[in-house]
Each structure stands twice: as structure tokens, then as C-alpha cells.
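Engineer: Predicted model, plus sequence, below.
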Amino acid sequence: MRFTSNKMPELQEASLHGSENHLNPPYGGPLVDLLATPERASELQFQSRNWPSWDMTARQLCDLDLLLSGGFSPLRGFMTRIDYEGVCSNMRRKDGTLWPMPIVLDITDGFVRKIGPDSSVALRDPEGVMLAALHVEEVWEPDRMAEAQLVYGTTNTTHPGVAYLLNQTHRYYAGGHVEGIRLPSNYDFRALRQTPAELRSEFIRLGWRKIVAFQTRNPMHRAHQELTLRAARQIGANLLIHPSVGMTKPGDVEYYVRVRCYRALLSRYPKDTAKLALLPLAMRMAGPREALWHAIIRKNHGCSHLIVGRDHAGPGNGENGKPFYGPYDAQQLLRVHQQELGVTMVPFQMMVYVEELDSYLPEDEVPECARALTISGTELRRRLAEGQEIPTWFTFPEVFNELRRSYPPRHHQGFTVFFTGLSGAGKSTIANILRVRFLEMGGRPVTLLDGDIVRKHLSSELGFSREHRDLNISRIGFVASEITKNGGIAICAPIAPYDTVRREVRAMIEPHGGFILVYLSTSLDVCEARDRKGLYAKARSGLVQQFTGISDPYEAPQDAEVVIDTNLMSPEEAAQEVFLHLERQGYVSVNGKMTHC
């Protein structure tokens, strides 16, 4: 489906003059301000009573925030097809402007039928508050596989950006200009949430002219502090620590913890030379292209330079163990375009600790035969989980204390045990045995989310289509994530036949605690022979439709922590296998007890 509108936008723009002239100018012209005047906002809200409403996703809210505030200047709305295709294919909009990332509003099949040419849509937050009006100019069905290949360089869904695009993005895109009513509401760290115009005004007040930005989605340790300090001194600039606090890579440290770490670190910089501000950016983890995008966004905030280090905005390794991008691909691409963008790159190699010198150096400056030390993010998480100390050469005590406060050792954490397997494999029985074992031990609250019980009380309106099954499992995952986040134990025992939604549940839970997937690999023949509820017989006779293993597929997991064939052991023995795994991983102590924070 595709339709277009020739309606032209009526836009409000803001450009700061006079004393701002010494700051790096916004990208592509005056700083765009898409927020309507109070009178126009009231008019839009009155008109919207007859418009269809679209509840925005978390990513769309981040994009709208930066569109309205001018963080995405010179964009004035969600891209139409010609801009989208140009950006995907050669990083150019229709007018020739360099822009590396598609900014589109994805919508469902059902919503497409509610809109037409020259229609307007009320864009709302999850609470139903109208944030903006989208004046639709075009709707089309994109080729998302082609988009993945062009933008991310791969269609492999182990890349988080590709996984989101192919598994979570809706089928259609709507393009058109936007008029804002209000920015999305954020109640946390308000003093640190500054729009491009506000940050520019702050730089003027401070007397800053040359500003180097540091993009990050991780806690900052001594290597990061040394890198940013060197970068600022190297070019004679002040430093803006500008972390992304929208969507980042699944499994990242949540931004509340990171912001506390950043604030604790500020005192380590010379007085009045470094500033912290938060960026509501939904990262795509697109490596080189994302580096260009980050440069544009920081230019709009008044920065003249951007630090680009090793594997900037990269997602790490794919399932083959190889990285999706070269370690310095982002530097190479930004070097080609930095003059056109008007942002100067400050490139850095990975910083490592040189033991003999008791200092940090870029890895290409380490003296021959000197011992260079570093700790990976994976190693850091392991040490935190196991309650090990973190060496002082790696991080500052105040940062470590914040991380330890939020990420206690595993025997103090909540966790989820998630059973999956065919009907009749023994999930409910083993889960109940495990629940009783944990209750006997005490120390943490325990909740059993059995598939049948959840269907009765939480998902009674759902059927057994793939869409409804996935929604049911997502609900279980959400409840389990809340239990885990608050230090409890969630035991889940649905069939959960589809791999994609199981992985989504894992990603939902792991930022808050442990996720242990237990696959009961018991064969269909054995499960059908047990058939205590007579469900297989009904499925064979056609009385039960969409039955897993008979008329609906079961996708065996490849990422299960524990695999058990219950034809080879009793339910008690199977529960003990799970318990022993939890003990080896540190979720219960070696003496068989659990402790509470």
C-alpha cells in the first residue's frame, strides 16, 4: 500500500543568534523547533477529536522527542519514502543532505486502514497523552530485509538492530511532517535532560566555545575517564558527557545506574571543564552509520568535536563469534564525512592499563614488552555476579560502589527459572517441586507462573494463534521480570514453543537478574503416551486445533542452560538437576540456603 499527499508543512523554527554565533551551528540550517505555539497546540488538540490515535512505541517516543526538540535537525517529521530509500541506499535525503539513519514511523496493518491521503494522526504516549500531530503525506510497505542489509550490513538477527527491525517493527511506514504539543514526559534526572536549545544556552552561559562530546551507553571506568580527559586536553576543549538513555543494546546496564555512576565520576575532572547531560536516543547499534548520526546530533547540541573510539556503537559479535563491524570502521567513515557534517572527529584507540607505568595508554602506544591489562564488560559482569572485587586500576571506588549497590552477588539477586517443552513433558510437576524446595529454604519470595494458571487468570481472552501465544509468553515474561527485579524468584512453566519470544523474554529479564532456561527435551511419543489430560487424543481427532507437536510446531531451544529428558529421570531427580545448576552458578549458596538483601 502506498499513498501520498502534497500538503506542505507549516513549521515553527527557532534559531539562536547573537552570542551563540561562536558555537558550532546546527546541522543543515537553523535549529528546528517543532513545538507549536500554545494557541496552535490548543487548536490541534481540538481538531484531533476526529483523528485516529497512534500509541507510540518506546523507540518511536525517543525519535519523536529528538524530532520535536531539534536534536534531529534538519528533519521536520518522519521520513517519506523517497527520503527513506535515499538514506538506506546512499545516506542521502532527496535534497542531497547527508543523513545516515532512517527515521520512520512504523504502523500496523489495521491502523493503515484508518488513515488516508491528507489525514492527520494524534501521536500519543502509553498513557494516552497527545504529544504531537502527524500530518500524513505517504504510507508504504518497505522491504525490511533490504533495509537491514543496507543500513546494518547484515540480515542476521543476532544483531540487535536487525532483530528489532525484522521482529518488532510493524509492516507499514507512515511519513509526514509533525507539529508538537509537548515533549514526552520524563520524571527522572530532570536537571540533566536538556534540549539542544537549552544546552546551547548553557554553553553560552559557561563561556564554552569548543566542546567535545562523548557518546556512551555503558558505565564509565578509569579508561573512559582517561580517554575523555586526553581528548579534551588534546584539542583544548570542554567535555560533554552525553550518554544515551533511550533504548540501547539489550542486556546493557540500565541507565538509572549508569547516570549515578556518571555523576559520581564528574568530580574526577578539572573543575568547570566537564558537563553531564542525558540524550533520549534510541540507539540502533549500527556502527559506522551510527557514528555519523551521533555526530549530527551532537552538532545540533552545540558540540564541535566527537570522540570516536574502538567499535563505536557496535553490537559486538555475531553468532559466529566475529564482530559485525571492524574495530575502527566508524572512524574511517566519519573521517570521510566530517568536513561535510561540520563536526571534527577525535579518534582514539582502545585504552589499556600499563602495569609498569601505573597509567592508561592507547593500545598502539604501549611500550614493547610492557604488560597491558583490561577487563571486558563480560568479565566485569561475571565479577559482580560472583561477588569478586574489582581492581582499583580498572574503576574508581565511587563507581564500583554504585555498581555493587545495583548489581549484588547472585545469591542476593532475583532470578527466573523458565521451563519449556511439549505438553506432558513434566514442566508443571518439576516446577512445583522446585517451588516447594525454595519455600523450604526461605530467604526470597517465590512465585510460580504455570502455563495453565496464567491462561486462566492473566490471558483468558487469548486463543492459540501464534500472535496470541507470543502475547501470552510476553505477559509471563513481564511479570517474571518484575519479580526478578525486586529480588524474588519466578518459576515459569508454559509450553513457550517459539524461539523468538523466548529470547525476547530472556532480554526482558536478564538486565534485572538471572534467567535460566530449562528445556525438557522429552520426545513427542513419550509425552503423548502420558497424555494425562487427553489433549493429544483430542488433537489427533481434530477436536483441538493448533496443538503444539501435532498441528503446531515446537522450536527446540539452542540456548537452554539446562536440558533434561524426563523419560530418563524422575521429577525429583529433574528438579535436583536444576537446583544443582543454580548452586553452581551462585544463585543459591553452597550450604543449600538462600540469602536476602
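Structural biologist: In hand now; what should we look at? Note that the structure is a prediction, hence the values are computed from the model and not measured.
Engineer: Low-confidence bits of this protein, can you list those?
Structural biologist: Scanning the chain for pLDDT under 70 picks out 1-21, 590-597.
Engineer: Longest strand in it, by number of residues?
Structural biologist: strand 130-140 (DSSP state E).
Engineer: Which elements pack onto the lengthiest helix in the chain?
Structural biologist: Secondary structure of the chain per DSSP state H: the longest helix is helix 466-485. Contacts defined by 3 or more C-beta pairs under 8 Å, 6 or more residues apart in numbering; DSSP states H and E place helix 466-485 against strand 415-421, strand 446-450, helix 451-457, strand 489-493, helix 499-509. Any C-beta I mention is one placed from the backbone N, CA and C, and that applies to glycine too.
Engineer: Show me what the fourth one is in contact with.
Structural biologist: Meaning strand 489-493. 414-419, 427-428, 430-431, 434-435, 438, 444-451, 476-477, 479-480, 483-484 (C-beta atoms under 8 Å, 6 or more residues apart in numbering).
Engineer: That strand to helix 466-485, inter-axis angle?
Structural biologist: Counting by axes from the mean of the first three to the mean of the last three C-alpha atoms, to 10 degrees, strand 489-493 lies at 160 degrees to helix 466-485.
Engineer: what's the angle from strand 489-493 to strand 446-450?
Structural biologist: Going by the same axes, to 10 degrees, strand 489-493 makes 10 degrees with strand 446-450.
Engineer: Determine how far strand 489-493 lies from the middle of the whole chain.
Structural biologist: 24 Å (C-alpha atoms, centre = their mean, to the nearest Å).
Engineer: Just give the strands next to that strand in its sheet, each with its orientation.
Structural biologist: strand 415-421 (parallel), strand 446-450 (parallel) (DSSP bridges).
Engineer: what's the spacing between the last one and its chain's center?
Structural biologist: Read it as strand 446-450. 27 Å.
Engineer: Likewise for stretch 555-567?
Structural biologist: 27 Å.
Engineer: List the buried residues for that stretch?
Structural biologist: Across stretch 555-567, burial judged by 16 or more other C-beta atoms under 10 Å covers 557, 560-562, 564-567.
Engineer: Could I have the CA atoms of it written out in PDB?
Structural biologist: What follows is stretch 555-567 as a C-alpha-only set of coordinates in PDB (Å, rounded to 0.1, in the frame of the first residue of the first chain):
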ATOM      1  CA  GLU A 555      11.000 -24.900  18.100                       C
ATOM      2  CA  ALA A 556      13.600 -26.600  20.300                       C
ATOM      3  CA  PRO A 557      15.900 -24.000  22.000                       C
ATOM      4  CA  GLN A 558      19.600 -23.900  21.300                       C
ATOM      5  CA  ASP A 559      20.400 -21.600  24.200                       C
ATOM      6  CA  ALA A 560      19.000 -23.600  27.200                       C
ATOM      7  CA  GLU A 561      21.200 -23.600  30.300                       C
ATOM      8  CA  VAL A 562      19.700 -27.000  31.400                       C
ATOM      9  CA  VAL A 563      18.400 -29.800  29.100                       C
ATOM     10  CA  ILE A 564      16.500 -32.700  30.700                       C
ATOM     11  CA  ASP A 565      14.800 -35.700  29.200                       C
ATOM     12  CA  THR A 566      12.200 -36.600  31.800                       C
ATOM     13  CA  ASN A 567      11.900 -40.100  30.300                       C
END
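Engineer: isn't residue 517 right up against residue 561?
Structural biologist: Yes: Residue 517 is within contact range of residue 561, at 5.5 Å (criterion: C-beta atoms under 8 Å).
Engineer: in stretch 246-259, what counts as buried?
Structural biologist: Quick answer for stretch 246-259 (16+ other C-beta under 10 Å): 246-250, 252-253, 255, 257-259.
Engineer: quick one: contacts of that stretch?
Structural biologist: With contact meaning C-beta under 8 Å, 6+ apart, stretch 246-259 is reached by 58-59, 62, 65, 160, 188-189, 192, 216-219, 243-245, 276, 278-283, 285, 315-316, 402-403, 406-407, 507, 510-511.
Engineer: hang on, residue 515 in a strand?
Structural biologist: Yes: applying DSSP: H, G, I helix; E, B strand; the rest coil, one finds residue 515 inside a strand.
Engineer: who's it bridged to?
Structural biologist: Residues in beta-bridge contact with residue 515 (DSSP bridges): residue 416.
Engineer: Report the contact partners of it.
Structural biologist: Shown in contact with residue 515 (C-beta under 8 Å, 6+ apart): 415-416, 418, 484, 505-506, 509.
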